[in-house]
Structures are given as C-alpha cells and as structure tokens.
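Student: return atomic coordinates for the entry below.
(one chain, ligands or ions: 1)
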Amino acid sequence: MKPREFDPRRLDIERFAAEGGALEGDWPLAGMQRLCDACHVAPGADAADRVRWSAGGEQRRRAGQAAQAWLHLTLDAKVDLTCQRCLSAVTVGLVVDRWFRFVDGEERAAALDAESEDDVLASSRTFDLHELAEDELLLALPLVPRHEVCPQPLAAPIGAGDPHDDPGPAESPFAALAALKRMPH
Ligand SMILES: [Zn+2]
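Tutor: Prediction:
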C-alpha cells in the first residue's frame, strides 16, 4: 500500500469515493485560526490541543443515476471557551460525525444543499478537508458555552485561603439562577 496516497489538504473527492479511500490523523487546533478566535485562550502546541479526524470515501449508486461521491467525516476535539456565566475558561468537547454528498458545481451544490436533507458540497479534485473540518467544528460550538457548575469562589486564585475559614456568604443557587436569567438569549 502506498503511503500518503491521498492528500487531505488537496483531496480528489471523486477518486477518494471511487476507491473507498480512508484517511485519519490529527491536526493542531492552533492551525485553525477561525476556531482559535472563538477560544478563551489560544490553543497551545501540546497533544491535548489537537483535532482527531477521520475521513472515508464511498460511492453510492441509485438506479438510472450516475454514481454519487459521499464523504464520511468524524472529528473529535476539546476547546477552551469562555463560560458565559463566570467568564472563566470552560473546556468543551466537540464531536462531529457527518456525511456529505458531492455534486459538480458550487451553484448546484448550494441549491441541492438547501432543498434536500443531505449536506451537499461542490466536488473538487483539490478539496481541503482541513477547511471543512474547521467549518464543522465552528458549527459544533455551543451557542452559550458555560460550566455545568461554575468554579467557586468565582475569580479567586486556586488555593487562596481555606473556604472553611471564610465566613463570607456562599452564593445561593438562586443567585446563579438570577444571573442566568439576566443573560441575553
Ligand atoms: Zn462558569
């Protein structure tokens, strides 16, 4: 088997589908600028700040029609977003598992994408999987990221003082609820 037979940054979609191609790997989050812009802090270069991805090609035939190229894309990443309740970092897992159908021409793809339930993209001989992956991760971001339970006390440095020595009032769950209700929807 020839290694690197398909280039994920310049993928020949029709051939990938016809040959039932399969690719996988990981990409640094730091290389996805639009995604980084949405993060609480810029992702670093370590192994945790990477997107695991896989792609599979498949050709499907329907009676009386030309073979269609399909692509199966899976993504798995963790990003630090800004909690909209306490404004500190909250780690959010992003998981994508989607199929895409490819047709000739941007206009036809856009029309079919709008009218059918399939996700339809324009076929290409130099398709950039990395860009599609970033698009999909952006779509997978939660609209209002927040902790299930925000760290307490808010904005205090870790290890500063023993909470048992602090006679200050604990924040009631109702205060958190009120804060939630004040948030714009
Ligand atoms: Zn929070």
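Student: can you tell me the SS state at the spatially most central residue of the chain?
Tutor: The centre of the chain sits closest to residue 137, judged by Cα atoms, centre = their mean, with a distance of 1.8 Å. Of the three states, residue 137 takes helix according to DSSP: H, G, I helix; E, B strand; the rest coil.
Student: ends of stretch 21-36, what's the gap?
Tutor: Between the opening and closing residues of stretch 21-36 there is a gap of 30 Å (Cα to Cα, to the nearest Å).
Student: got the buried residues for that stretch?
Tutor: 21, 23, 27, 29, 30, 32, 35, 36 (16 or more other Cβ atoms under 10 Å). For glycine as for every other residue, the C-beta is placed from the backbone atoms N, C-alpha and C.
Student: for stretch 98-117, same thing?
Tutor: Within stretch 98-117, the residues that qualify as buried are 100, 101, 102, 103, 109, 112, 113, counting by 16+ other Cβ under 10 Å.
Student: as JSON lines, these with distance to residue 87, pLDDT and secondary structure would be great.
Tutor: Output for the buried residues of stretch 98-117, formatted as JSON lines (distance: Cβ to Cβ, whole Å; pLDDT from 0 to 100; DSSP: H, G, I helix; E, B strand; the rest coil):
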{"residue": "100", "distance to residue 87": "36", "pLDDT": "97", "secondary structure": "strand"}
{"residue": "101", "distance to residue 87": "41", "pLDDT": "96", "secondary structure": "strand"}
{"residue": "102", "distance to residue 87": "42", "pLDDT": "97", "secondary structure": "strand"}
{"residue": "103", "distance to residue 87": "44", "pLDDT": "94", "secondary structure": "strand"}
{"residue": "109", "distance to residue 87": "40", "pLDDT": "95", "secondary structure": "helix"}
{"residue": "112", "distance to residue 87": "42", "pLDDT": "93", "secondary structure": "helix"}
{"residue": "113", "distance to residue 87": "36", "pLDDT": "93", "secondary structure": "helix"}
